[in-house]
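Peer 1: A structural model of the following input is requested.
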Amino acid sequence: MIKVLFICMGNICRSPTAHGVFQHHVNEAGLSDAILVDSAGTHSYHIGHSPDSRSQAAALQRGFDLSEQRAQKLTSELGSEFDYLIVMDDTNFNDAKSIIAAADIDKLQYLLSFSDDSEKFVPDPYYGGDSGFEQVLDLVENASSSLLESIKEKHNL
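Peer 2: So this is what the prediction gives:
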């Protein structure tokens with residue numbers, strides 16, 4: 001089983017969106033028995049909470065259901081369990097790097113490194129308007145397809 005963990009700060013906006021979109025792509029590719037998808041936050045602000053209602057609404061409009069997800073905090077143990085630790089920005093990268101074991105640091109990658117978009121980071125939409133959640137979805141959808149192709153190629157799926 002290949003395990004992919006999406007990471008943002010609070011695990012209620014960007015990482016659950018990436019989790020839901022990527023899970024959708026995995027399911028459509030018939031690879032749900034080969035790839036496990038989850039998400040976590042580098043901070044404990046929202047542990048046990050559902051994704052932000054704006055994230056859920058924007059995702060649902062595009063056919064991605066985030067309602068079953070619950071926020072969890074990234075731990076060293078969680079980082080060790082996963083093969084891919086996918087972060088949204090530099091802050092997430094540095095925070096995750098300080099949480100996970102040194103042996104797992106090479107698993108950290110930026111989501112948008114799998115994108116052909118000119119953006120380098122997925123911006124945090126939490127304090128903005130609805131358009132920020134749409135932008136996150138646009139960026140995540142683009143990168144998710146490429147990430148899945150990369151995993152399929154690397155692991156001969």
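Peer 1: going forward, measure contacts between C-alpha atoms and count neighbours the same way
Peer 2: OK.
Peer 1: what helix or strand does the closest residue to residue 114 other than its chain neighbours sit in?
Peer 2: Of all residues not flanking residue 114 in the chain, residue 143 sits nearest, at 5.1 Å (CA to CA, 6 or more residues apart in numbering). Assessed by DSSP states H and E, residue 143 sits inside helix 130-154.
Peer 1: model confidence over that helix, on average?
Peer 2: Averaged across helix 130-154, the pLDDT comes to 96.
Peer 1: And it, how far out from the chain middle?
Peer 2: 9 Å (CA atoms, centre = their mean, to the nearest Å).
Peer 1: Could you list the buried residues of that helix?
Peer 2: Using 16 or more other CA atoms under 10 Å as the test for burial, helix 130-154 gives 132-137, 139-148.
Peer 1: which among those residues gets closest to residue 119?
Peer 2: When those are compared for distance to residue 119 (CA to CA), residue 139 comes out closest, at 8.2 Å.
Peer 1: contacting residues around that closest one?
Peer 2: With contact taken as CA atoms under 8 Å, 6 or more residues apart in numbering, residue 139 is in contact with 112, 115, 117, 122.
Peer 1: Can you tell me which one of the residues you listed sits lowest on pLDDT?
Peer 2: residue 117 (81).
Peer 1: burial count for that residue?
Peer 2: 13 (other CA atoms under 10 Å).
Peer 1: A strand includes it, no?
Peer 2: No: counting by DSSP: H, G, I helix; E, B strand; the rest coil, residue 117 is not found in a strand; it is coil.
Peer 1: and it, how far is that from residue 3?
Peer 2: 25 Å (CA to CA, to the nearest Å).
Peer 1: Over to residue 26?
Peer 2: For residue 26, the distance to residue 3 - CA to CA - is 12 Å.
Peer 1: Name the residues contacting each of those two.
Peer 2: In contact with both residue 26 and residue 3: residue 35, using CA under 8 Å, 6+ apart.
Peer 1: Enumerate every residue touching the residue lying closest to residue 37 once chain neighbours are set aside.
Peer 2: Once flanking residues are discounted, residue 37 sits nearest to residue 4: 5.0 Å by CA to CA, 6+ apart. Counting by CA under 8 Å, 6+ apart, residue 4 touches 35-38, 82-86.
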